[in-house]
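>>> Here is a sequence with its predicted model. Questions after.
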Amino acid sequence: MSTIEVAAAPRGPLAQLRAIVSLPAHWLDAYLAWRRRREGIRLLLELDDRLLRDAGFIRAEIERLR
């Protein structure tokens with residue numbers, strides 16, 4: 001980080017408040033990604049073994065992701 005970037009970096013209570021307020025948004029993004037992943041795994045496990053093999057998946061590997 002250069003001297004100019006340090007001098008221009010936000011400081012003070014407003015910057016701290018902004019950082020605290022953005023924490024739930026990061027948590028929500030992570031939670032939604034986790035939900036999408038779980039839903040995808042569930043949908044893959046509903047498929048027939050032959051379809052999974054044709055698509056290049058192995059059921060045991062998908063079950064391990066659970």
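Alright, I've got the coordinates.

>>> Name the helix or strand of this structure that has the lowest mean pLDDT.
helix 3-8 (a mean of 52; mean pLDDT, DSSP states H and E).

>>> Any buried residues in the helix or strand following it, and which?
Downstream of helix 3-8, the first helix or strand assigned by DSSP states H and E is helix 13-45. Under the neighbour-count criterion of 16 or more other CB atoms under 10 Å, helix 13-45 has L44 buried. For every residue, glycine as well, the C-beta is placed using N, CA and C.

>>> Show me the shaky parts of the protein.
1-10 (pLDDT under 70).

>>> run the last query once more with 90
For the chain, applying pLDDT under 90 flags the ranges 1-31, 55, 57-58, 62-63, 65-66.

>>> Might one say that E63 is in contact with D49?
No - in this structure E63 lies outside contact range of D49 using CB atoms under 8 Å: 11.8 Å.

>>> Show me what stretch 26-45 is in contact with.
Here stretch 26-45 makes contact (CB atoms under 8 Å, 6 or more residues apart in numbering) with L52, F57, R59, I62, E63, L65, R66.

>>> Dump it to CSV, keeping only the CA atoms.
C-alpha atoms of stretch 26-45 as CSV (Å, rounded to 0.1, in the frame of the first residue of the first chain):
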residue,chain,number,x,y,z
HIS,A,26,-21.4,-11.1,3.7
TRP,A,27,-23.0,-13.7,6.0
LEU,A,28,-26.2,-13.7,3.9
ASP,A,29,-24.2,-14.2,0.7
ALA,A,30,-22.3,-17.2,2.3
TYR,A,31,-25.5,-18.7,3.6
LEU,A,32,-27.3,-18.4,0.3
ALA,A,33,-24.4,-20.0,-1.5
TRP,A,34,-24.4,-22.9,1.0
ARG,A,35,-28.2,-23.3,0.4
ARG,A,36,-27.7,-23.4,-3.4
ARG,A,37,-25.0,-26.0,-3.0
ARG,A,38,-27.1,-28.2,-0.8
GLU,A,39,-30.0,-28.0,-3.2
GLY,A,40,-27.8,-28.9,-6.1
ILE,A,41,-26.4,-31.9,-4.2
ARG,A,42,-30.0,-33.0,-3.3
LEU,A,43,-31.1,-32.7,-6.9
LEU,A,44,-28.1,-34.7,-8.2
LEU,A,45,-28.8,-37.5,-5.7
